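S.K.: Here is a sequence with its predicted model. Questions after.
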There are 2 protein chains.
Amino acid sequence: MALRYALLGLLAKNEATGYELNHQFKETMIYFWSAHHTQIYRELLKLEENGLAQSKHVHQTDAPDKKIYSITEKGREVLQAWLLEQPSVTPKLKDEFLLRVSLFQNLPTAKAVEYLQTSKEQHKQGIQMMKEWRGMNYPDGLYKKSDLGEYLTSGFGLKYMESWVEWCDWAITELEKRNGDE
Amino acid sequence: MALRYALLGLLAKNEATGYELNHQFKETMIYFWSAHHTQIYRELLKLEENGLAQSKHVHQTDAPDKKIYSITEKGREVLQAWLLEQPSVTPKLKDEFLLRVSLFQNLPTAKAVEYLQTSKEQHKQGIQMMKEWRGMNYPDGLYKKSDLGEYLTSGFGLKYMESWVEWCDWAITELEKRNGDE
DNA sequence: AGGGTCATGTAAGGAGTTACATGATTGT
DNA sequence: ACAATCATGTAACTCCTTACATGACCCT
């Protein structure tokens, strides 16, 4: 059900096409949600069926036609109700990289260190990109009220990546300490 | 497919029943993977079908009968091969709480702050529990080679929760700064 | 000439969740 | 008396992923 509310949340800000919503997902939600475009398009059809969103068909000559979705009053109410519900306690993360890390005793140390180093570099790049994005979107730390959630979660994303990098450094040190006794 | 390797990884350490594997998941993998017992039992049946694990039935009088699974040579090979594959770049986290946070502009500030405070307390308790668990399992920071992965990922879990708490503090401050202009 | 962007979808299959089912023993 | 622990599963359902499909325009 969460995808439904993620889409309603984005539509509560601005009307958008499925294509745009897909990009917004990738841009601002990577650190806590993800969805394929196929899933987004199907969920949008359901939103419309249930009267939570409505669409208007727009004909274009220079590009394929598109459907612009907007949230309905009922959609806003449903979103509100969900937000006021008691959130469940479970975090429920799924990270395949950490799953691999949990099995590092089955790999040669050098290979494990290599994995960590690659991941560290990727996250360092992510930090760089996030900083630029935030600098662009919130100059001088200022943001619109409607961007509050995005501001807070992008702050989380940054912190998450920073602590990931620190953890990589720690883990590499730990691996190198043990190097030799395998 | 990842669940399959998670189970093979646990079985590579020790033979275990589905019931035990379910508990091991909850104890040591919460910060990067999760699975319901129903899924685990189904996957174990498949592992056996594919010759990656084998089971022996054990009759008990004081408790229900059980099936002890152990990894086969083929299972170890398949696990090895997966570990050596290039890990994919995508993190693919799903966190319903952060999804709610991303929509905080639709909630009264007081409610948003309350959510953050509750989450902060939960994570502080998690840190406490994790520290005790690590103190018990790795006295003086020492661990067995076979626990390397667990040692590294539990270190990650600790760091993750700590940075979560820090982020909550920051987010609460940000919310309180804006309080009044809604 | 080839790749990227815009734009929307269907179909098939795999992964994950929820409800149901059983039943003895142990602890509060 | 009631809840938790041990122990395993089926069935129905929803959610998510991957492959396939179309086609014009723009940039290098």
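M.R.: Great, that's in hand.
S.K.: can you pull out the strands in chain A?
M.R.: Assigned by DSSP state E, the strands in chain A fall at A:53-58, A:66-71.
S.K.: Got the domain ranges for chain A?
M.R.: Using automatic domain parsing, the domain parsing of chain A gives A:2-84, A:96-178.
S.K.: Columns distance to chain B, mean neighbour count and mean pLDDT on top of these, output as JSON lines?
M.R.: Where C-beta positions appear, they are placed from N, C-alpha and C, glycine not excepted. As requested, the domains of chain A are exported to JSON lines (distance: least, Cβ to the nearest Cβ, whole Å; neighbours: other Cβ atoms under 10 Å in any protein chain shown; pLDDT from 0 to 100):
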{"stretch": "domain A:2-84", "distance to chain B": "4", "mean neighbour count": "16", "mean pLDDT": "95"}
{"stretch": "domain A:96-178", "distance to chain B": "4", "mean neighbour count": "17", "mean pLDDT": "95"}
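S.K.: mind putting those domains in TSV, distance to B:Trp133 included?
M.R.: Compiled in TSV, the domains of chain A are given as follows (distance: least, Cβ to Cβ, whole Å):
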stretch	distance to B:Trp133
domain A:2-84	26
domain A:96-178	15
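S.K.: Relative to B:Tyr115, which of those is closest?
M.R.: domain A:2-84 (9.3 Å; Cβ to Cβ).
S.K.: so how far is that closest one off the chain centroid?
M.R.: 15 Å (Cα atoms, centre = their mean, to the nearest Å).
S.K.: how about that domain, does it reach DNA strand D?
M.R.: Yes. Using Cβ under 7 Å from any atom of the strand, domain A:2-84 reaches DNA strand D at A:Ala2, A:Leu3, A:Arg4, A:Ser34, A:Ala35, A:His36, A:Thr38, A:Gln39, A:Asp62, A:Ala63, A:Pro64.
S.K.: give the contact list for the residue nearest to A:Ala171 when sequence neighbours are not counted.
M.R.: Nearest non-adjacent residue to A:Ala171, counting by Cβ to Cβ, 6 or more residues apart in numbering or on different chains: B:Leu152, 5.0 Å away. B:Leu152 sits next to A:Val101, A:Ser102, A:Phe104, A:Ala171, A:Glu174 when contact means Cβ atoms under 8 Å, 6 or more residues apart in numbering or on different chains.
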